[in-house]
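J.: When you get a sec, could you give me coordinates for this:
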Amino acid sequence: MKPRSNNIKNLTHGSLLILIAGLILVVTVLVSFSLGRYPLKITDILTFFFTGNSSDPNLPIVLAKVRLPRILGAVITGGALSIAGVSFQTMFRNPIVSPDILGVTSGAGFGASLAILLSLNIFGIQSFAFVFGIAAVLLAYGISRALSQTHDKTLMLVLSGMVVSTFFASLISLMKYVADSDSKLPSITFWLMGSLASINMGDLKIVIPIVLCGLIPLLLVSWRMNVLSFGDEEAKAMGVNTDKLRVLIIICASLLTATVIAITGHIGWIGLIIPHFARLITGPDNKVLLPFSFFLGGSFLLIVDDFARSVSALEIPLGIITSLLGAPFFLIFLRQSQKRSW
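T.: Now for the predicted structure:
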């Protein structure tokens, strides 16, 4: 009875951690609704949510048209990037792997830059970013498959991702070089730094179903992802088809990353530091780690966005803040993780 008792205890502990992370996200969302150039009282927001009435005629417009899309976008983006990071780190058995390891970010950046250079509208920019982001992953995977017949599969996948990332990064530099310095170049540069300023409910209606298509399969196979940490031979002995599982992880994690990057631009470090920090709290069990990382990543990006849009009249790109926070925090996490084994 003792092993079963331990399993129940671990399950209860994991559920409690997920609940706490969810409550933190709810509180963060509520506070975020009140922040901005048009400040709102939390009591007025709660009254409107529960009764539909408001003494301030502008409150419904500010909440529904301005802040709701941005807050949902931050939660979805932060959560999706965090889960993509957890998935790739588990698959590669390496805690310093990020969601753009297969070139999805560079591919999306090139697609957006090309669309801006062609003077396409916002939908065209998002579409190009998504398509080229997925194309970069497919190219990296195809190269690794061609080379893995005589080399280690995981190593070839990592190296192929590096090559594809460098290739598309060079193309981005080319786009910036030929872009008009007065109009196109600033737009490309701003997109590459990441922002939630242009998100609307129309974008989210398209993004949310795609994110769910990438999120749900990863949650359903979370227990199988745990087995990957034992190595291929042990996983196969337990009845897990590691090749199919890796393909599923690549598809779902890349879909999550490409989808959110297409509407926000490049926001780095979240998919690297949040999974690492979450793992220090929950442990390596993906059944707890995945949902916990989603809530934690959503809360983190939401706080960053609150700071970006409130600290000054001129909004700070999110990529700048996440990089400034991510680098020192990651060094701290690396130092802490020296005492732990992966």
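
J.: Can you tell me the element the spatially most central residue of the chain falls in?
T.: Centre of the chain computed as the mean C-alpha position; nearest residue by CA atoms, centre = their mean is residue 81, 1.2 Å away. Here residue 81 sits within helix 68-92, counting by DSSP states H and E.

J.: just checking, what packs against that helix?
T.: helix 2-34, helix 201-220, helix 222-227, helix 242-264, helix 270-282, helix 286-310 (3 or more CB pairs under 8 Å, 6 or more residues apart in numbering; DSSP states H and E). (C-beta placed from N, C-alpha, C; glycine too.)

J.: Rounded mean pLDDT for the last one, please.
T.: Over the span of helix 286-310, the pLDDT mean works out to 95.

J.: what about that helix, distance to the chain center?
T.: 9 Å (CA atoms, centre = their mean, to the nearest Å).

J.: now that helix and helix 68-92, what's the angle there?
T.: 140 degrees (axes from the mean of the first three to the mean of the last three CA atoms, to 10 degrees).

J.: after helix 286-310 comes which helix or strand?
T.: Next element after helix 286-310 (DSSP H and E): helix 318-337.

J.: What residues of that following helix count as buried?
T.: Across helix 318-337, burial judged by 16 or more other CB atoms under 10 Å covers 318-319, 321-322, 325-326, 329-330, 333.

J.: What lies in contact with that helix?
T.: Contact partners of helix 318-337, identified using CB atoms under 8 Å, 6 or more residues apart in numbering, comprise 95-96, 192-196, 264-270, 272-273, 276-277, 280, 301, 304-305, 307-308.

J.: Just the buried ones from the residues you listed?
T.: 95, 192-196, 264-270, 272-273, 276-277, 301, 304-305, 308.

J.: picking up where we left off before, now distance to residue 107 too, for the helices and strands packed on helix 68-92, in CSV please.
T.: Formatted as CSV, those follow (distance: least, CB to CB, whole Å):
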stretch, distance to residue 107
helix 2-34, 30
helix 201-220, 16
helix 222-227, 25
helix 242-264, 8
helix 270-282, 15
helix 286-310, 22
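
J.: Please name whichever of these is nearest to residue 115.
T.: Taking CB to CB, helix 242-264 is the member of the helices and strands packed on helix 68-92 nearest to residue 115, at 10.3 Å.

J.: Give me the buried positions along that closest one.
T.: Neighbour-count burial for helix 242-264 [16+ other CB under 10 Å]: 242, 245-246, 248-264.

J.: what separates that helix from the chain centre, distance-wise?
T.: That offset, for helix 242-264, works out to 10 Å (CA atoms, centre = their mean).

J.: That one vs helix 318-337, what angle?
T.: 140 degrees.

J.: mean confidence for helix 242-264?
T.: Rounded mean pLDDT across helix 242-264 is 94.

J.: what's the answer for stretch 318-337, then?
T.: Mean predicted confidence for stretch 318-337 is 81.

J.: Would you mind writing the CA trace of that stretch as CSV?
T.: Taking C-alpha atoms only, stretch 318-337 is exported to CSV below (Å, rounded to 0.1, in the frame of the first residue of the first chain):
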residue,chain,number,x,y,z
LEU,A,318,8.4,43.0,-24.8
GLY,A,319,11.5,41.3,-26.2
ILE,A,320,13.7,43.9,-24.6
ILE,A,321,12.3,43.3,-21.1
THR,A,322,12.2,39.5,-21.3
SER,A,323,15.8,39.5,-22.4
LEU,A,324,16.9,41.9,-19.6
LEU,A,325,15.1,39.7,-17.1
GLY,A,326,15.8,36.4,-18.6
ALA,A,327,19.6,36.5,-18.8
PRO,A,328,20.4,37.2,-15.1
PHE,A,329,17.5,35.0,-13.9
PHE,A,330,18.8,32.1,-16.0
LEU,A,331,22.2,32.4,-14.5
ILE,A,332,20.7,32.1,-11.0
PHE,A,333,18.7,29.1,-12.1
LEU,A,334,21.7,27.4,-13.6
ARG,A,335,23.6,27.9,-10.3
GLN,A,336,20.7,26.4,-8.4
SER,A,337,20.4,23.5,-10.8
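
J.: Now do the contacts for residue 58.
T.: Residue 58 neighbours (CB under 8 Å, 6+ apart): residue 38.
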